[in-house]
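Trainee: okay, here's the prediction I keep looking at, along with the sequence it came from:
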Amino acid sequence: MVLIDPMENPDGRDRYITFLRQVQARWPDPDPNAAEHNELWPSGRSNHYMFDMNRDWFANTQPETRGRTRIYLEWYPQVFVDLHEMGFNQTYYFAPPALPYNPNMTAAQHEWLGRYGQNNAKWFDRFRFDYFTREVFDSFYPGYGEGWPMFQGAIGMTYEQAGADGLVIRRKDETLLRYRDGVQHHFISSLSTAEMTASNREAMLRYFYDYRRTAIDESSREVVKEYIIPPGNDPGRATKMAALLMQQGLEVKRAEAAFTNNNVRDYFERKLQTKNFPAGTFIVTLAQPAKRLLKTLMDRQTEMNPEFIKEQLQRAEKRQDDEIYDVTGWSLPLLYDVECYTAELASNVRANVLAELPKPESKIGEKAHLAYFMAWGRNHAAAALADLLQQGVRAHTTDKEITHQGKVYPRGSLLIKVKDNPEDLYERMKKLASEHGVEVVSVNNSWVAAGVNFGSDHVQYVEPPRIAMAFNYPTSSLSASWARYVLEQMYGYPVTVVHTWQFASADLSEYNVIILPNAGGAFGGYSRLLGESGAQKFSAWVQNGGTLITIGEATRWLTEEKVDLLATSREWRGGKPEKKSDKKEGGGAAKPESTAAGFDLQKIFNPKKNCPNARPARSCACNWRARTG
């Protein structure tokens with residue numbers, strides 16, 4: 001059976017088709033400079049919130065991804081092909097992939113990747129189609145449409161076709177690439193893959209069965225036997241990560257009672273220790289069919305091929321760009337900032353295998369006479385605050401620690417007073433605790449053992465944020481969309497997106513928070529688009545109490561001499577400028593490694609300006625590489 005997902009991204013497709021219809025000429029124009037070949041911000045690659053879903057497979061943040069992974073786990077395909085496009089000056093790419101390989105790939109998978117590549121080559125030779133293999137596109141990151149299925153046991157492959165970005169385009173070798181060429185190439189490679197699979201049906205089924213079976217066998221030889229995730233300081237975050245593992249088809253257990261494990265290591269000091277764990281702790285054993293996916297997602301460090309690292313170091317010495325294609329680090333415990341332990345001995349405790357996604361526990365006391373306390377420092381507390389503000393409930397926050405009835409509330413903790421709030425406040429707080437998994441403490445006595453009193457100037461009213469965020473050029477569509485998604489979808493709070501150039505004439509007093517996302521290379525960044533007058537306008541707004549949040553290159557813009565909103569000083573490698581005698585061959589002192597405003601994210605994350613196709617990462621196979629930090 002062949003399953004086809006023909007349109008993973010309806011939002012981006014609609015965006016692209018609308019753009020093309022607006023700019024296309026009477027006849028298709030092959031000139032690469034023609035508007036029809038140069039799509040406007042944010043391009044059609046992403047979904048509504050402008051997420052690149054080809055990197056979302058294990059993160060599972062978007063509904064499109066969650067639907068796709070859910071269906072995948074219903075069918076468990078043995079072969080999975082992700083069809084893509086790349087720069088128009090390229091040809092066609094298929095497996096085997098380039099280095100580095102993910103170390104959790106098996107020898108059998110490498111063998112099958114070669115066999116599928118050879119079969120594709122046979123058919124491409126028949127039709128005289130050019131192609132390349134073992135270059136540019138690696139199989140290291142597990143979040144791709146080839147990577148995540150690979151660690152479920154499939155033979156996962158990316159196929160990349162040079163894209164015409166319209167109906168026809170003239171390439172640098174003066175040949176014409178037509179849209180229909182791409183359709184034909186993908187069609188032939190797809191049929192070749194289906195042929196190879198059908199011709200090796202029994203061998204493929206045997207491989208898939210062995211992959212899942214041997215994963216369980218391998219677990220007995222692993223040093224780590226299981227991962228232990230206690231509730232920790234933020235039970236909601238631990239619960240969210242456990243739920244994410246379950247969404248990958250992984251088995252997660254929850255301890256019914258407290259227990260002790262004498263052979264565990266945490267993710268930081270890595271010292272072998274004895275550790276007591278409370279009831280409710282999540283336990284994820286490696287003895288399961290998707291063990292290799294679990295190991296890939298949970299290991300603190302995923303090693304690259306030594307020969308690949310050696311070559312990259314040699315390239316660095318010659319001041320050549322590295323060949324690392326994309327993301328190089330993704331350890332879930334570190335990403336989620338949760339307390340997690342690797343256990344070298346299986347825990348002796350009764351634990352239930354979870355059948356439904358776990359939810360964070362909530363707690364609330366009796367109806368309060370004075371107020372309700374919510375401790376700060378947890379993600380769910382922020383979402384709960386956003387919910388309260390949306391309801392028009394008045395909240396206060398403390399900028400000093402408070403000790404009340406034996407419990408310490410850190411800075412930022414929330415105090416919701418009964419006075420001046422709706423009469424049904426208690427019912428609202430009960431619903432709030434249940435929906436957001438927070439603990440709400442009832443307060444009937446205002447005396448504090450330490451810290452500031454409720455009426456102190458250090459306990460301040462939370463003014464509801466009126467948020468504006470720069471959108472469109474010159475912002476990075478990914479940065480702008482991620483920030484918007486976090487506010488609107490994760491925390492449920494509205495944000496007004498404003499075209500960046502509108503800030504020059506907008507009344508900024510309408511907002512008390514403005515967000516400037518990371519900027520791409522288009523239009524020279526914020527400096528060129530906003531100019532000195534825009535900088536002065538933001539400066540006056542900040543001096544009047546506005547809160548300005550900047551990300552990446554937007555932060556660097558604040559440090560420019562004509563803006564001067566953020567004081568910085570250079571920090572030199574080794575603590576001092578490079579000596580003349582230490583200059584590298586080619587002349588010129590070494591550039592500063594960083595500034596107080598942060599590393600040069602533009603150079604780290606954005607494509608080089610001389611990329612001939614101006615394509616986003618993972619969609620271009622020209623001679624540059626997207627750099628990662």
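Mentor: Now that the structure is in, tell me what you want to look at.
Trainee: ok, the closest residue to D266 other than its chain neighbours to V495 distance?
Mentor: Spatial nearest neighbour of D266, excluding adjacent residues (C-beta to C-beta, 6 or more residues apart in numbering): Y341 at 5.5 Å. Bear in mind the C-beta positions are built from the backbone N, C-alpha and C, glycine included. Going from Y341 to V495 by C-beta to C-beta, to the nearest Å gives 38 Å.
Trainee: how far off centre is the helix or strand encompassing Y207?
Mentor: Here Y207 is covered by helix 201-219, with elements defined by DSSP states H and E. The chain centroid and the centroid of helix 201-219 are separated by 31 Å, computed with C-alpha atoms, centre = their mean, to the nearest Å.
Trainee: swap in stretch 250-263?
Mentor: Using C-alpha atoms, centre = their mean, the offset of stretch 250-263 from its chain centre is 29 Å.
Trainee: first-to-last residue distance for that stretch?
Mentor: 23 Å (C-alpha to C-alpha, to the nearest Å).
Trainee: now it: buried residues?
Mentor: L250, E251, V252, K253, R254, A255, F259, N261, N263 (16 or more other C-beta atoms under 10 Å).
Trainee: just give me the closest of those residues to D52.
Mentor: Closest approach to D52 among those (C-beta to C-beta): L250, at 23.9 Å.
Trainee: for that closest one, what are its contacts?
Mentor: V284, Q288, A290, L293, L294 (C-beta atoms under 8 Å, 6 or more residues apart in numbering).
Trainee: span of stretch 227-237 from start to end?
Mentor: End-to-end distance (C-alpha to C-alpha), stretch 227-237: 16 Å.
Trainee: what's around the closest residue to D299 other than its chain neighbours, how many residues?
Mentor: In this structure, D299 finds its nearest non-sequential neighbour in S331, 6.3 Å apart by C-beta to C-beta, 6+ apart. When neighbours are counted by other C-beta atoms under 10 Å, S331 registers 16.
Trainee: and S331, how far from Y211?
Mentor: According to C-beta to C-beta, S331 stands 23 Å off from Y211.
Trainee: quick check: buried residues in stretch 527-547?
Mentor: Here stretch 527-547 shows S527, L529, L530, G534, A535, K537, F538, S539, W541, G546 as buried, counting by 16+ other C-beta under 10 Å.
Trainee: following the helix or strand harbouring the second one, which helix or strand comes up?
Mentor: L529 is part of helix 525-543, with elements assigned from DSSP H and E. Along the chain past helix 525-543, the next helix or strand (assigned with DSSP H and E) turns out to be strand 547-550.
Trainee: any idea of the mean pLDDT in that next one?
Mentor: Strand 547-550 shows a mean pLDDT of 96.
Trainee: that strand packs against which elements?
Mentor: Helices and strands touching strand 547-550, by 3 or more C-beta pairs under 8 Å, 6 or more residues apart in numbering; DSSP states H and E, are strand 513-516, helix 525-543, helix 553-558.
Trainee: partners of the first one in the sheet?
Mentor: The strands that strand 513-516 pairs with in its sheet are strand 467-471 (parallel), strand 547-550 (parallel) (by DSSP bridges).
Trainee: separation between A433 and I364?
Mentor: 4 Å.
Trainee: overlap in contacts of these two?
Mentor: E439, V440.
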